[in-house]
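>>> Got a predicted structure here, sequence first:
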Amino acid sequence: MNIFRIFTFPFRVVTTIVWLIIDACPPYRYVEGLLEGKEVLQDEKTLVLYLSSEKIEVDRHTFDILMVGENLRVRATRDNKAINIDRLIPGQGPV
């Protein structure tokens with residue numbers, strides 16, 4: 001057993017926990033614009049939306065419901081994971 005691994009493992013665990021807590025706390029990022037694309041990444045668990053050239057990670061249900069071309073406003077964490085997604089309705093013309 002490498003002595004270096006014994007000391008670095010707890011440090012990595014603590015660092016990961018601290019980052020997850022910081023990531024979940026405000027301030028959140030807002031991204032607004034057209035949904036440009038949807039993609040399933042290599043691991044098939046990570047689903048991303050491309051919104052105004054930003055990559056936003058979402059869950060399976062959200063990924064299936066949204067359609068390319070929709071006008072959206074997304075509140076996301078620092079790590080670009082979606083918290084909530086709002087569909088924007090145009091102010092003029094038919095809906």
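Cool, the structure landed.
>>> residues making contact with stretch 17-37?
Stretch 17-37 has contacts (C-beta atoms under 8 Å, 6 or more residues apart in numbering) with 49-54, 56, 66-81, 83, 88. For glycine as for every other residue, the C-beta is placed from the backbone atoms N, C-alpha and C.
>>> Any quick PyMOL command for the buried ones out of these?
Only the buried members of the contacts of stretch 17-37 enter the following PyMOL selection, criterion being 16 or more other C-beta atoms under 10 Å:
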select buried, resi 49+50+51+54+56+66+72+74+75+76+77+80
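>>> Keep only those of the contacts of stretch 17-37 that are in helices.
Among the contacts of stretch 17-37, no residue falls in helices (DSSP state H).
>>> Give me the distance from whichever strand or helix holds residue 23 to the chain's centre.
According to DSSP states H and E, residue 23 maps onto helix 3-24. Its chain's C-alpha centre and that of helix 3-24 lie 22 Å apart, by C-alpha atoms, centre = their mean, to the nearest Å.
>>> Ok, stretch 82-95 next?
19 Å.
>>> Likewise for stretch 59-68?
Centre to centre, stretch against its chain (C-alpha atoms, centre = their mean), the figure for stretch 59-68 is 13 Å.
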